[in-house]
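Engineer: Give me coordinates for this.
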Amino acid sequence: MTLYRDEGIVLRTQKLGEADRIVTVLTRRTGRIRAAAKGVRKTKSRFGARLEPFTHVDLQLYERRSLDLITQAETLRPYGEQLVADYPRYTAGTAMLETAEKLTAEEREPALRQFLLLVGALRTLVERDHDPRLVLDAFLLRSLSVAGWAPALDECSRCGDRGQLRGFAIAAGGAVCARCRQPGAATPAPPTFGLMLALLRGDWEYADGSESRHRVECSGLVAAYLQWHLEHGIRSLRHVERSGEGTSLSKERA
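Structural biologist: The predicted structure follows:
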């Protein structure tokens with residue numbers, strides 16, 4: 001067995017046997033891993049509380065044929081403690097964890113940029129400087145960009161025209177002009193395009209000054225675009241939806 005060390009964010013856990021757990025972690029160097037943590041469900045466990053979702057943790061592991069084995073765990077920052085009492089922020093964070101796992105489909109494939117995005121997004125959530133749904137949408141857009149699926153937002157995804165954009169066609173790759181717009185495409189307001197672009201670029205001054213109706217429209221488009229590319233839903237987004245002001249996930253799949 002090879003001993004190695006890495007830091008990561010705990011994405012989720014599941015029961016294994018009587019007292020053990022399988023812990024899924026997005027790590028800085030190794031990528032997404034699944035590892036066994038022995039005895040962590042016992043009340044006297046040395047590091048059970050350190051292996052909960054949202055925890056930024058430093059791990060020592062043995063590499064094995066099936067599940068790696070966690071032998072040491074040290075907490076670097078317990079984001080969950082700061083999120084669990086705030087429902088909108090907790091549900092936004094949960095959607096981030098689920099998205100990060102699904103966008104790193106291959107185990108043990110390096111995913112440094114996705115790891116750094118997740119750490120930054122969780123830190124921003126707990127700092128409480130921005131609306132949690134804005135933080136989530138920014139994370140989703142940037143994660144899609146890292147995965148190679150960034151939507152076109154300031155030019156037509158079909159012809160490249162930077163003129164007035166009239167629609168948002170998910171299957172076409174984002175914004176479309178009046179000439180390229182097909183029936184069924186969503187027709188977001190121009191400030192919604194501006195908000196999506198601001199979130200992708202990290203322009204928080206613009207994002208924080210946006211109107212609620214444009215935030216709702218942005219969230220629906222981002223969620224629909226993400227789930228179209230993943231080809232299945234992000235279950236956590238249903239709970240984020242309930243925490244917003246009438247937010248609804250767009251069903252547009254043009």
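Engineer: mind listing the helices for the stretch 151-254 of the chain?
Structural biologist: 190-201, 204-208, 212-230, 237-243 (DSSP state H, counting those that start in this stretch).
Engineer: swap in the stretch 1-150 of the chain?
Structural biologist: Along the stretch 1-150 of the chain, the segments classed as helices by DSSP H, counting those that start in this stretch run 79-83, 87-102, 112-127, 132-146.
Engineer: Any stretches of the stretch 51-200 of the chain with poor pLDDT?
Structural biologist: Nowhere does the stretch 51-200 of the chain drop to pLDDT under 70.
Engineer: neighbours of residue 209, just the number please.
Structural biologist: Other residues near residue 209 come to 10 when the count uses other CB atoms under 10 Å. To be clear about C-beta, it is placed using only N, CA and C from the backbone, and glycine gets the same treatment.
Engineer: So which residue is smack in the middle of this structure?
Structural biologist: The residue lying closest to the centre of the chain (CA atoms, centre = their mean) is residue 96, at 2.9 Å.
Engineer: circling back to that earlier point, select, out of the helices of the stretch 151-254 of the chain, the one closest to residue 25.
Structural biologist: helix 212-230 (20.4 Å; CB to CB).
Engineer: distance between the closest one and the chain's centre?
Structural biologist: 13 Å (CA atoms, centre = their mean, to the nearest Å).
Engineer: Just the CA coordinates for that helix, please, in PDB.
Structural biologist: Only the C-alpha atoms of helix 212-230 are listed here, as PDB (Å, rounded to 0.1, in the frame of the first residue of the first chain):
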ATOM      1  CA  SER A 212     -34.600  40.600  -8.000                       C
ATOM      2  CA  ARG A 213     -36.600  39.800 -11.200                       C
ATOM      3  CA  HIS A 214     -33.300  39.500 -13.200                       C
ATOM      4  CA  ARG A 215     -31.800  37.400 -10.500                       C
ATOM      5  CA  VAL A 216     -34.700  35.000 -10.600                       C
ATOM      6  CA  GLU A 217     -34.500  34.800 -14.400                       C
ATOM      7  CA  CYS A 218     -30.700  34.300 -14.300                       C
ATOM      8  CA  SER A 219     -31.000  31.500 -11.800                       C
ATOM      9  CA  GLY A 220     -33.600  29.600 -13.900                       C
ATOM     10  CA  LEU A 221     -31.400  29.900 -17.000                       C
ATOM     11  CA  VAL A 222     -28.200  28.800 -15.200                       C
ATOM     12  CA  ALA A 223     -29.900  25.800 -13.600                       C
ATOM     13  CA  ALA A 224     -31.500  24.700 -16.900                       C
ATOM     14  CA  TYR A 225     -28.200  25.100 -18.800                       C
ATOM     15  CA  LEU A 226     -26.300  23.100 -16.200                       C
ATOM     16  CA  GLN A 227     -28.800  20.300 -16.000                       C
ATOM     17  CA  TRP A 228     -29.000  20.100 -19.800                       C
ATOM     18  CA  HIS A 229     -25.300  19.500 -20.000                       C
ATOM     19  CA  LEU A 230     -25.200  17.100 -17.200                       C
END
